[in-house]
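1. Show me the folded form of this:
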Amino acid sequence: MPDPPFDGLSDLRRLRHFIAVVDASGFTRAAEQLHLSQQALSSSVQQLEKQVGATLLVRAGRRIAPTRAGQTLLEEGRTLLAAARTIAAHTRAAASEQPDEFVVGHSPAIDNNDVYAMLAPAIEALPDTSFTALQLFPDQLVAAVRDGSVDLGLRRGVVPQESLATGIARYDALRVAVASAHRLAGRTSVSVADLADETIVLWAPPGSSYYSDFLVNVCRRAGFEPRYRVSRVQGCPPEVAPLTDGGVSFVTSAPGPAAGHAVQVLELEEPVLVPVQALWQPHTASAVRDLILTPTPPAALPRPR
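-> Take a look at the predicted model:
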């Protein structure tokens, strides 16, 4: 009988073999890692090629490299295997008596209070679920979501992701944090143009961070090219940047005093909304995630006072 059409689920073993060959750049090392004979491994990959109807590997000198079709299967196959591991873990957890655990990762630009505000509906609705929030730099965040160690990632700015599912979780109003001794600290609001002579503290250089690019473009739309500095203190609340780096910073914290009255957070006269992007593994379902990502009216979001 002919092999059934490739459906991505009944062929996970062969898919795993194919990825191992690509990662090892050849059958010999991959066979050793998988504890298979080269003949068995070669046969497995050939059967996979037969099922997908395309040549997946080609010899490049002494190395084995993926074809264009193989590269596509490699990228999407890694996502499928990661999702399969997550689904298996969820199934085992459902069969055990251990409490459910949901891990949320967030970039340093997202305030802990904002993270809690997003988790609050799920925390209230699911009393038997434990929640863990981890602060991760964006590259670590994406990797953790891909491998399933983080169930939901949250980051500032909208970043294209080919191997992850994404959505806009919420929008926050952008504000400005200044030291209490700063010339602007006595005001309740400022315009972006008022910052033209200031040093803007960023958490990553423009070009390497979509959020930094977003903030730089906010300044450019106000008519000036910002002078910026990358913060030398990472992982602290964004509103303390004026204390650690001597500039001003864009934040989403509530207006008013912050950091024990050492900082003042000012409203922007021209409202600017910055998105929070959610990242998760495709091919997975999660009631917890659905509760977190259910749109909440901005006025109902709890803010620190």
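2. show me the contacts for the nearest residue to Thr129 once chain neighbours are set aside.
-> In space, and not counting its chain neighbours, Thr129 is closest to Asp100: 4.3 Å by CB to CB, 6 or more residues apart in numbering. For the C-beta atoms, the positions are set from N, CA and C on the backbone; glycine is no exception. Contact partners of Asp100, counting by CB atoms under 8 Å, 6 or more residues apart in numbering, are Ala93, Leu126, Asp128, Thr129, Ser130, Val288.
3. so where do the strands sit in the stretch 151-300 of the chain?
-> 152-156, 165-173, 175-179, 189-190, 199-202, 227-230, 249-251, 256-258, 263-268, 273-280 (DSSP state E, counting those that start in this stretch).
4. Would you mind giving these as TSV with distance to Val22, mean neighbour count and mean pLDDT added?
-> Listed next are the strands of the stretch 151-300 of the chain as TSV, based on distance: least, CB to CB, whole Å; neighbours: other CB atoms under 10 Å; pLDDT from 0 to 100:
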stretch	distance to Val22	mean neighbour count	mean pLDDT
strand 152-156	26	27	94
strand 165-173	24	17	92
strand 175-179	47	24	96
strand 189-190	53	16	96
strand 199-202	37	22	94
strand 227-230	36	15	94
strand 249-251	42	28	94
strand 256-258	50	17	94
strand 263-268	49	21	96
strand 273-280	25	20	94
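5. In TSV: those, plus distance to His35.
-> Shown next, in TSV, are the strands of the stretch 151-300 of the chain (distance: least, CB to CB, whole Å):
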stretch	distance to His35
strand 152-156	34
strand 165-173	34
strand 175-179	56
strand 189-190	64
strand 199-202	48
strand 227-230	47
strand 249-251	53
strand 256-258	57
strand 263-268	58
strand 273-280	33
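6. With Arg85 as the reference, name the closest of the ones you listed.
-> Evaluated over these, closeness to Arg85 peaks at strand 273-280, with 14.1 Å, by CB to CB.
7. tell me what the closest one is packed against?
-> Strand 273-280 sits against helix 138-147, strand 152-156, strand 165-173, helix 287-293, with contacts defined as 3 or more CB pairs under 8 Å, 6 or more residues apart in numbering; DSSP states H and E.
8. Arg175 and Asp245, how far apart?
-> As judged by CB to CB, to the nearest Å, Arg175 and Asp245 stand 17 Å apart.
9. Let me know which of the strands of the stretch 151-300 of the chain is the nearest to Glu75.
-> When the strands of the stretch 151-300 of the chain are compared by CB to CB, strand 165-173 sits nearest Glu75, at 14.6 Å.
10. Within its sheet, name the partner strands of that closest one and how each one runs.
-> Within its sheet, strand 165-173 is paired with strand 273-280 (antiparallel), according to DSSP bridges.
11. So what touches the strand it pairs with?
-> Defining contact as CB under 8 Å, 6+ apart, one finds that strand 273-280 is touched by 110, 114, 118, 141-142, 145, 151-159, 161, 164-174, 211, 214, 252, 286, 289, 292-293.
12. residues in contact with Leu34?
-> His17, Ala20, Leu41.
13. what angle do the top helix by length along the chain and helix 138-147 make?
-> Determined from DSSP state H, the single longest helix within the chain is helix 68-95. In terms of direction (axes from the mean of the first three to the mean of the last three CA atoms, to 10 degrees), helix 68-95 departs from helix 138-147 by 70 degrees.
14. next structured bit after helix 68-95?
-> strand 100-106 (DSSP states H and E).
15. circling back to that earlier point, need the helices and strands packed on strand 273-280 in TSV with distance to Ala258, can you?
-> Formatted as TSV, the helices and strands packed on strand 273-280 follow (distance: least, CB to CB, whole Å):
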stretch	distance to Ala258
helix 138-147	24
strand 152-156	18
strand 165-173	15
helix 287-293	26
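16. low-scoring pLDDT stretches of this protein, where are they?
-> 1-11, 90, 93-99, 295-305 (pLDDT under 70).
17. Run through the residues that contact Val233.
-> Going by CB under 8 Å, 6+ apart, Val233 touches Val240, Ala241, Thr244, Asp245.
18. returning to that earlier point: switch the contacts of Asp100 over to a markdown table; also include distance to Ala60 and neighbour count.
-> Formatted as a markdown table, these follow (distance: CB to CB, whole Å; neighbours: other CB atoms under 10 Å):
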| residue | distance to Ala60 | neighbour count |
| --- | --- | --- |
| Ala93 | 42 | 13 |
| Leu126 | 50 | 16 |
| Asp128 | 53 | 6 |
| Thr129 | 48 | 15 |
| Ser130 | 48 | 12 |
| Val288 | 44 | 20 |
